[in-house]
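Participant: Structure for the following, please:
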Amino acid sequence: MSPGELFRTLRRRWYVLLLVAVLAAAGALQVLRPEQTYVSSAIVVLKPPVTGSQPNQLANLQPPLAAVSYAAVQQLESPAGTAELSLAGVTGTYRLIPRNSGTSVTPRYLIPSLQVQAEHAEPAAANLAVLKVVEAYTKRVAAMQAEQQIPERARMSVTLLVPPTAVAQTGTKSRALAGTALLAAVCGVAAALWTDQLVTRRNRRRRESADAGPEESAGAGGRMPPAVAAAAR
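Facilitator: I've put the predicted structure just below:
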């Protein structure tokens, strides 16, 4: 289809473009007035037990601790862990992000710190969700050590380094509006072309039916009934 044919098709189906424009305007109102959400974030660290040679726990953060922390995170992200957090009252969107010492392609978890995030419409609810996730994480670590029958003095502990703080989440309205306009343009052109093809097929079928009607009538009128043809013989 040439640009001229495309332009003529869009001009014929202007009502389709108008309908898409109205729907896009309704979507743009949601973009300009988005629902306010808050993201709360906290940081916890898994510390080793205090020993005589290393009394400072934060100075003895070894990679095996990161492996244990990541195992607890995987348990919380499993279906059973998700159900546990749901029963604990954690609602909305939440994320457990271990500190990655590598890259996104080749991650390496060598430091046992964990960032916990939660998103909610109310800041207090977002902070509460983060605290509940941290509590569930702490219980998981304690349960893993109890299962291995590790003595209390030799167990690892979880410390909240940064308490949860909710921050209003804001986006870029110009990008959202540009995306809405682009989506409306693509959908409008596609809908107009599809409507034009559908209407063209229907009109062609109607013309073919109208042209075939008189020919069938003329053919039927030119034939002699069987009884008359037999009497004429």
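
Participant: Below-threshold pLDDT in this protein: ranges please.
Facilitator: 1, 31-34, 51-61, 101-104, 106-107, 109, 171-173, 213-233 (pLDDT under 70).

Participant: hey, where'd the helices end up in it?
Facilitator: For the chain, the helices defined by DSSP state H occupy 3-12, 14-32, 63-77, 79-87, 123-147, 173-222, 226-232.

Participant: Now do the buried residues in stretch 25-39.
Facilitator: 27-28, 31, 37-39 (16 or more other Cβ atoms under 10 Å). C-betas here are computed from N, CA, C, even on glycine.

Participant: which one of these sits closest to residue 122?
Facilitator: residue 38 (6.8 Å; Cβ to Cβ).

Participant: Now do that closest one against residue 44, distance only.
Facilitator: Residue 38 sits 20 Å away from residue 44, going by Cβ to Cβ, to the nearest Å.

Participant: Also residue 4?
Facilitator: For residue 4, the distance to residue 44 - Cβ to Cβ - is 65 Å.

Participant: Show me which of these two is the more surrounded one.
Facilitator: Taking other Cβ atoms under 10 Å, residue 4 and residue 44 do not tie; residue 44 has more neighbours (23 against 8).

Participant: how about the helices of the chain, which one is nearest residue 153?
Facilitator: With Cβ to Cβ, the closest approach to residue 153 among the helices of the chain belongs to helix 123-147: 11.6 Å.

Participant: Could you tell me which residues within the closest one count as buried?
Facilitator: Of the residues in helix 123-147, those buried (16+ other Cβ under 10 Å) are 123, 125-134, 136-138, 140-142, 144-145.
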